[in-house]
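Participant: Build me a structure from this.
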Amino acid sequence: MAYVIITKMLKKSFLVFFNATPVILMIALIPYIRNDYLLTAVYVFIIGVALLFKRDKYDITFLLFGFIIMTASEYFFIKTGVETFSHKSLLGVMPLWLPFLWSYGFVAIKRSAKILGK
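Facilitator: As a prediction, this is how the structure comes out:
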């Protein structure tokens, strides 16, 4: 019985990590790709490959929702002084790549919640 529980937990942990891998990769690239436009293009590529590899129901909805909501939220946080960025290629306040990172983060969170809820 304990073996079955541990096996399920390990499988869930692996699946959550697997779904978070694109986000981890995107974050890891930030210090290496200094050009915001190039980094954004790489993010779009990573997101595209990740969605071609596996696309669940409502992934695109979560991707778009995350993009819109987090762009607006980040804009508000920056304008109120809560956050600051040295790269200001989007709206003159934040890096262009940031909403793309957040948008796929929403997809990864949705998938992880689904995995952990099983």
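
Participant: dump the residue contacts of the one residue sitting closest to the centre of the chain.
Facilitator: The residue lying closest to the centre of the chain (Cα atoms, centre = their mean) is Gly105, at 2.3 Å. The neighbours of Gly105, taking Cβ atoms under 8 Å, 6 or more residues apart in numbering as the test, are 23, 66. Where you see a C-beta, it was placed from the backbone N, CA and C, and this is true even at glycine.

Participant: And it, how close does it get to Met9?
Facilitator: Using Cβ to Cβ, to the nearest Å, Gly105 is found at 23 Å from Met9.

Participant: coming back round to it: so how far is Gly92 from the residue nearest to the centre of the chain?
Facilitator: 23 Å.

Participant: returning to that earlier point: kindly export the one helix or strand the residue nearest to the centre of the chain maps to (C-alpha atoms) in CSV.
Facilitator: Assigned by DSSP states H and E, Gly105 belongs to helix 98-117. In CSV, the C-alpha atoms belonging to helix 98-117 read as follows (Å, rounded to 0.1, in the frame of the first residue of the first chain):
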residue,chain,number,x,y,z
LEU,A,98,7.7,39.3,-19.2
PRO,A,99,4.1,38.8,-20.2
PHE,A,100,5.1,35.7,-22.3
LEU,A,101,6.8,34.2,-19.3
TRP,A,102,3.8,34.9,-17.1
SER,A,103,1.3,33.6,-19.7
TYR,A,104,3.0,30.2,-20.0
GLY,A,105,3.3,30.2,-16.2
PHE,A,106,-0.5,30.3,-16.0
VAL,A,107,-0.6,27.2,-18.3
ALA,A,108,1.9,25.4,-16.1
ILE,A,109,0.0,26.2,-12.9
LYS,A,110,-3.3,25.0,-14.5
ARG,A,111,-1.7,21.8,-15.5
SER,A,112,0.0,21.3,-12.2
ALA,A,113,-3.3,21.9,-10.3
LYS,A,114,-5.0,19.3,-12.5
ILE,A,115,-2.2,16.8,-11.8
LEU,A,116,-2.2,17.4,-8.0
GLY,A,117,-6.0,17.2,-7.9
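
Participant: That's all I had, so thanks and see you.
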